[in-house]
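Peer 1: Quick one: sequence and predicted model below, then my questions.
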Amino acid sequence: MVLLKVSPWKGVIQFRKRGKLGPKYIGPFRVISRVGKVAYRLDLPAELIQIRNTFHVSQLRKCLVDDPASVPLEDIQVDDSLNYIERPVVILDRKTKTLRNIVVQLVKV
């Protein structure tokens, strides 16, 4: 399983967000075969049918999640007996610092 780099397709496909917070890689996709020394053929979904399915290794990243080991979120059940205990917070120390004509209160908890 590998992840596929998004950047070469900026003009072809619009993904969720652009810029810094946009996804760098999409996937995971299954590797079908190796083509030559530095290229791989991937099993792409129907949404990406207009894109060629052979990619250079520089466009791929190894996916660290193994399919049988991953658990879908729908299968996770939370026990109702789990509860949160609220503990009181103790203020240990207070200081006042002046930073460029601004007084800043510092509190150590």
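Peer 2: In hand now; what should we look at? Note that the coordinates shown come from a computational prediction; the quantities given were computed from them, not determined experimentally.

Peer 1: element containing the nearest residue in space to Val104 that is not next to it in sequence, please.
Peer 2: Once flanking residues are discounted, Val104 sits nearest to Lys97: 5.0 Å by CB to CB, 6 or more residues apart in numbering. All C-beta spots, glycine's among them, are computed from the backbone N, C-alpha and C. According to DSSP states H and E, Lys97 maps onto strand 93-99.

Peer 1: next SSE after the lengthiest strand in the chain?
Peer 2: In the chain, with assignment by DSSP state E, the single longest strand is strand 25-35. Past strand 25-35, further along toward the C-terminus, the next helix or strand under DSSP H and E is strand 39-43.

Peer 1: Report all helices and strands that that following strand contacts.
Peer 2: strand 2-5, strand 25-35, strand 54-56 (3 or more CB pairs under 8 Å, 6 or more residues apart in numbering; DSSP states H and E).

Peer 1: Kindly recompute the last result at 7 Å.
Peer 2: strand 25-35, strand 54-56 (3 or more CB pairs under 7 Å, 6 or more residues apart in numbering; DSSP states H and E).

Peer 1: Quick one: those as a markdown table, columns for distance to Val107 and mean pLDDT too.
Peer 2: Putting the helices and strands packed on strand 39-43 into a markdown table (distance: least, CB to CB, whole Å; pLDDT from 0 to 100) gives the following:
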| stretch | distance to Val107 | mean pLDDT |
| --- | --- | --- |
| strand 25-35 | 42 | 89 |
| strand 54-56 | 53 | 93 |
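
Peer 1: Reformat those as TSV; add mean neighbour count.
Peer 2: Below are the helices and strands packed on strand 39-43 laid out as TSV (neighbours: other CB atoms under 10 Å):
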stretch	mean neighbour count
strand 25-35	15
strand 54-56	16
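
Peer 1: Relative to Val89, which of those strands is closest?
Peer 2: strand 25-35 (41.0 Å; CB to CB).
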